[in-house]
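Enquirer: okay, sequence plus prediction incoming.
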Amino acid sequence: MIKNIVGIFKRDIRTIIKNKAARMIVIGICIMPCLYTLVNVKAIWNPYSSAKLSDISIAVVNKDQGTVSQNKNVNMGNDIVGNLRKNHNLGWKIVDSQEADQGMMDGKYYAMIEIPEDFSSDLTSITTDNPRKAQILYKADTKVSPMGTKITESAVKNLVDSIKTNFIYTVNKTIFSSLNVIGDNAAKNKSQIIDLKDSIITLSDNMDLVTTVLGSVSDGSNNLALLLTQLKPVISASSNVDIASQADSSNDALVKSVQSSLENSFDNIQVNLKNAKADTYRLQALVTNLNSLTGDANSSNINSTADKINYQIYMLNSEINPAIDFLQTVNKFAHNSSISALLNSLNDVKDLLNTEKNNVNNLQKELNNTNEVSSSIKDSISENTQNVSSKLIDSTNQYINEVRGQLNPIANDLINLSNTSSDILKTAKDMNKQGSKSIDTLIDGTRLAASSSGKLENQLLKFKDSISKTSDKLKLINNDDIVKIITVFQNNPDLMGNFISKPFNIKEENIYTVPNFGSAFAPTYMTLSIWVGCTMLGSMLKTTVAKFKGSENLTLREKYFGKMLLFVSLSIIQSLVIVFTTKFILHTYTENFFLMIMFGIVSSLAFSTIVYSLVSLFGNPGKAMAVILVVVQLAGSGATYPIQLDPLIFRILQPLLPFTYSISGFRESIGGPLISTVVMDFSVLLLMFVIAVLAGLFLKKPLYGMTSKLHDKFIESGIGEE
C-alpha cells in the first residue's frame, strides 16, 4: 500500500518536471498566493501616518462673531482655526460655508466642521447668571468611506477635547489667580483659622456647659443690676454725710440703707460663688482638651490651651478672693464657726488654684525644653481640677445652706457698732467718688450683659444641631490638611490651571511590541493566503489518478493518499514562499522567524488536507465548500476585529475554525511567543490535520459511488466542467 501511494506521488512529480506546461502552472500556483499577502499588507502598512492622514480633507467653517468677557475681546473660533492651521495630522481646509457645502456634495471633503456665530458668547456664559453650552456642528459623508468617517469622527473628538482642555485651563488659571490673594491672607491668619476650628469643636463638645454658664451669667447680671440699683441711693446719700461729725448720730434711714446694702452684698457672694462654680466646668473642659493633645504636631495647641487654663484660673481667683476678703472682714467681729469653716474651704480652693497654676507653668516649661509633656504632670492637673470643682461645689452649697441664713443677724449687730458703721460709711463714701454716672453706666452694662447672654444662650440652643454637625466634620480635618489647603490656594495659577485641565498623563507601554500596522495585520493575510493557495490547488489540479499501466489495481484509499502527498507538498511550498516574501520583501517585524516558518508548515498541513479531502470526497461541491469556509473563518476567527464584537454564532464557532489557531500562531511569532499559546495552536492544527486525514480515509469509499454518479450527471447536463 505504501509503495503504491509513493508511486502515485513520484509519477505526479515526474510529470510536473517533464511537462513544461504543467511545470509553469504549478510554479505559478506556488507563487501566486503570496501576492495576496504582499499586495494587501503593503496597502495597509501604515495608514494612520501623518503623511497619509493629511490627505483626508475636512472643511472648517468659522462663523464665530466673538464676544466681550471681563472687558476683554474673546473669539474662540479664531483661536481654534489658528491651532488647526498648525495641525498637520489631517487635511484641515479653512473655507466658507458655501464652498464647504458644495465640497461635501461633490465628495471633495470627508467631513465638515462649522463653528456657529454664538460659540464664544455661549462658551463664556459660564461667568453669567445664564450659562449655555456651546455647540460645534459636525457633518460627515458616510458614503465615500466608512473608515474615513471613523477617522474624521476621532479627529473631531480630539478637537473638542482640546477646546475643553484649553477652556478648563483658562477658567482655573483665573480662579487660582483670585485664590492666590485668599491664600496669602489665609496664610497670614493660619493660626487664627486653626484656633477657630478648635474653638468650634470645643464649643460643640461643651454645649451644655456653655448654655448653663450663659444662664448663670444672665441671672448673675440681673442680680448685680438689681444690687447696684438699690445701692445707688445709699451711695448718693452717703456723699452728703459728714462721716466725722455724724458718726454718733442716729440717722435711721442711713442705717437701714447700709443694712440693705449689706444684705445685697451677701446675695452677691452667692452669685460670685455660682459663677465660679460655672467657671470650673469651663476649666474642666480645657483640661480635657489638653489631655487629648499629644505629639509634636500639637505643641502649639498645647501651649495655647495651657494659656487658656491660666486665664481661667485667674478668673476663678478674681471671683473667690473678694468673697474671702468680705467674709474675713465680717468674721473679725462675728467670730462665726460656719463662716470660719467656709473661709477654710474657700482658702483650700485658692491653694488648689495656685497649685494648678504652678503645674500648668511647669507643663509649658517642659514642653518648651523637651517638646514633650510627661503624663504625670497631665494627671496632676486633671486630679487638681477635680478637687477644685468638688471643693467649690461644697463651698457654694455650704454658703447657701448654712452661712447665708446667719449673715442677716450678724449684719444687725454690725450696724449697732458705730465704729463699724463708720467704716461702712467710709467705704460707701469712697465708692461714691466714682460718681453716680459711673453707677448708672455699670447698671446699664450689667443689664446689657444679662440681655446679651440670654440672647446668645437662645441662639446657641437654636443652632446646637448645626454646630454639632460642623464640629463632627471639623474633627475629621487635620490641622496639616488646613495648611495644605492654604498651600494649594497659593500655588502658581498657570501650574494649577494646567494640572486641573490635564490632571494626569498617560504612559504607554506595549507588552508585545509590533511597530507598525502592516506587521500587526500580516498574520491575517498570511493565513488567508495559505488557504487561498490550497483552494487554487483544489481547483487547478485533479484529485483523481490518471490512468496508467497498473492503475486499475490501485485501491481508492491508495489513490486518495497518493494524490494527498502532492497537494500537501505543494501547499508547504506555497506557505514557505508566503512566509519568506512577507519577511524579506515587506520586511515585516518578526520576533521569532523560525516559529513563523513552523506555523506556515503546520498551517499548510491542516489547510491542504481539509481542502483536498473536501474536493476529493465531494468533487466540485467540495470546492464550493472550501470557498464558503474561507468566508466563515474570516468573519468568525477574530481575524480583523476582536471576536467579542462578532455575533454570538461566530463566537460559538471560533474555537472550531482552523483560521483561529493559524492566525494566533503567526501573531505569536511576530509579537513574541507565549509558550502555552504556541503549544495550544500547534496541537489544534495538528489535530485538525489528523481529523481531515481520517475523514478522507473512512469516507472515501462509502461516498465514492454517490459522488461519482452526481458528478457524471452534472457533466452530462452540459453546464458543468469536469
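Expert: Arrived safely, thanks for sending.
Enquirer: check the gap between residue 132 and residue 160 for me.
Expert: With distances taken as Cβ to Cβ, to the nearest Å, residue 132 is found 16 Å from residue 160. Placement of C-beta: from N, CA and C, glycine included.
Enquirer: same question for residue 659.
Expert: Distance, residue 659 to residue 160, using Cβ to Cβ: 39 Å.
Enquirer: quick check: end-to-end length of stretch 47-60?
Expert: Using Cα to Cα, to the nearest Å, the end-to-end distance of stretch 47-60 comes to 23 Å.
Enquirer: sorry, back to before: residue 659 and residue 160 - which one has more neighbours?
Expert: Using other Cβ atoms under 10 Å, the more surrounded residue of residue 659 and residue 160 is residue 659, with 26 against 13.
Enquirer: so what's the more buried one up against?
Expert: Applying Cβ atoms under 8 Å, 6 or more residues apart in numbering, we find residue 659 in contact with 527-528, 531, 633-634, 637, 639.
Enquirer: any idea which element it lies in?
Expert: Assigned by DSSP states H and E, residue 659 belongs to helix 658-671.
Enquirer: and if you look at residue 299?
Expert: Using DSSP H and E, residue 299 sits within helix 299-334.
Enquirer: now that helix: mean pLDDT?
Expert: The average pLDDT within helix 299-334 is 80.
Enquirer: now stretch 31-40
Expert: Stretch 31-40 comes out at a mean pLDDT of 94.
Enquirer: ok, now stretch 135-152?
Expert: Mean pLDDT, computed over stretch 135-152, is 78.
Enquirer: could you work out the end-to-end span of it for me?
Expert: End to end - Cα to Cα - stretch 135-152 spans 17 Å.
Enquirer: list the buried ones in that stretch?
Expert: For stretch 135-152, burial by neighbour count (16 or more other Cβ atoms under 10 Å) applies to 138, 140-141, 148-149, 151-152.
Enquirer: re the thing from before, CA atoms only for the helix holding residue 659, dumped as PDB, please.
Expert: What follows is helix 658-671, C-alpha atoms only, in PDB (Å, rounded to 0.1, in the frame of the first residue of the first chain):
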ATOM      1  CA  PRO A 658      -8.600  26.400  11.700                       C
ATOM      2  CA  PHE A 659      -8.000  30.100  11.000                       C
ATOM      3  CA  THR A 660      -8.300  30.900  14.700                       C
ATOM      4  CA  TYR A 661      -5.100  28.900  15.500                       C
ATOM      5  CA  SER A 662      -3.100  29.700  12.400                       C
ATOM      6  CA  ILE A 663      -3.600  33.500  12.900                       C
ATOM      7  CA  SER A 664      -2.900  33.100  16.600                       C
ATOM      8  CA  GLY A 665       0.300  31.200  15.800                       C
ATOM      9  CA  PHE A 666       1.600  33.800  13.400                       C
ATOM     10  CA  ARG A 667       0.800  36.600  15.900                       C
ATOM     11  CA  GLU A 668       2.900  34.800  18.500                       C
ATOM     12  CA  SER A 669       5.900  34.600  16.100                       C
ATOM     13  CA  ILE A 670       5.600  38.400  15.200                       C
ATOM     14  CA  GLY A 671       4.700  39.900  18.600                       C
END
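Enquirer: now the next helix or strand after that helix, how far from the centre of its chain.
Expert: Per DSSP H and E, the first helix or strand lying C-terminal to helix 658-671 is helix 675-716. Distance, stretch centre to chain centre, for helix 675-716: 58 Å (Cα atoms, centre = their mean, to the nearest Å).
Enquirer: coming back round to it: mind listing which of the buried residues of stretch 135-152 are in strands?
Expert: Among those, the residues falling in strands (DSSP state E) are 138, 140.
Enquirer: just the buried residues of stretch 135-152 now: which is nearest residue 302?
Expert: Nearest to residue 302 among these: residue 138, at 63.9 Å, using Cβ to Cβ.
Enquirer: what is that closest one paired to in the beta sheet?
Expert: Counting by DSSP bridges, residue 138 forms beta bridges with residue 113.
Enquirer: which residues are in contact with it?
Expert: If you count contacts by Cβ under 8 Å, 6+ apart, residue 138 has them with 111-114, 153, 156.
Enquirer: then residue 516?
Expert: Residues in contact with residue 516 (Cβ under 8 Å, 6+ apart) are 45-46, 589.
Enquirer: including secondary structure, pLDDT and distance to residue 122, could these go into JSON lines?
Expert: Putting these into JSON lines (DSSP: H, G, I helix; E, B strand; the rest coil; pLDDT from 0 to 100; distance: Cβ to Cβ, whole Å) gives the following:
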{"residue": "45", "secondary structure": "coil", "pLDDT": "89", "distance to residue 122": "43"}
{"residue": "46", "secondary structure": "coil", "pLDDT": "84", "distance to residue 122": "40"}
{"residue": "589", "secondary structure": "coil", "pLDDT": "94", "distance to residue 122": "48"}
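Enquirer: PyMOL command for the buried members of those?
Expert: Selecting the buried subset of the contacts of residue 516 in PyMOL, with 16+ other Cβ under 10 Å as the burial test, is done by:
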select buried, resi 45+589
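Enquirer: can you put the contacts of residue 516 in JSON lines and add distance to residue 27?
Expert: Shown next, in JSON lines, are these (distance: Cβ to Cβ, whole Å):
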{"residue": "45", "distance to residue 27": "27"}
{"residue": "46", "distance to residue 27": "32"}
{"residue": "589", "distance to residue 27": "29"}
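Enquirer: specify which member of the contacts of residue 516 is nearest to residue 595.
Expert: Taking Cβ to Cβ as the measure, residue 595 lies nearest residue 589 of these, at 13.5 Å.
Enquirer: pLDDT below threshold where in the stretch 151-300 of the chain?
Expert: 159, 163-201, 203-265, 294-298 (pLDDT under 70).
Enquirer: try 80
Expert: 151-272, 274, 277-278, 292-300 (pLDDT under 80).
Enquirer: ok, the stretch 301-450 of the chain next?
Expert: 301, 326, 329-335, 370-374, 403-450.
Enquirer: quick one: residues contacting the closest residue to residue 33 other than its chain neighbours.
Expert: Spatial nearest neighbour of residue 33, chain neighbours left out: residue 533 (3.4 Å); criterion: Cβ to Cβ, 6 or more residues apart in numbering. Contact analysis of residue 533 by Cβ under 8 Å, 6+ apart lists 29-30, 32-33, 571, 574-575, 578, 604.
Enquirer: among those residues, name the ones in helices.
Expert: Of the positions in the contacts of residue 533, 29-30, 32-33, 571, 574-575, 578, 604 sit in helices, assigned by DSSP state H.
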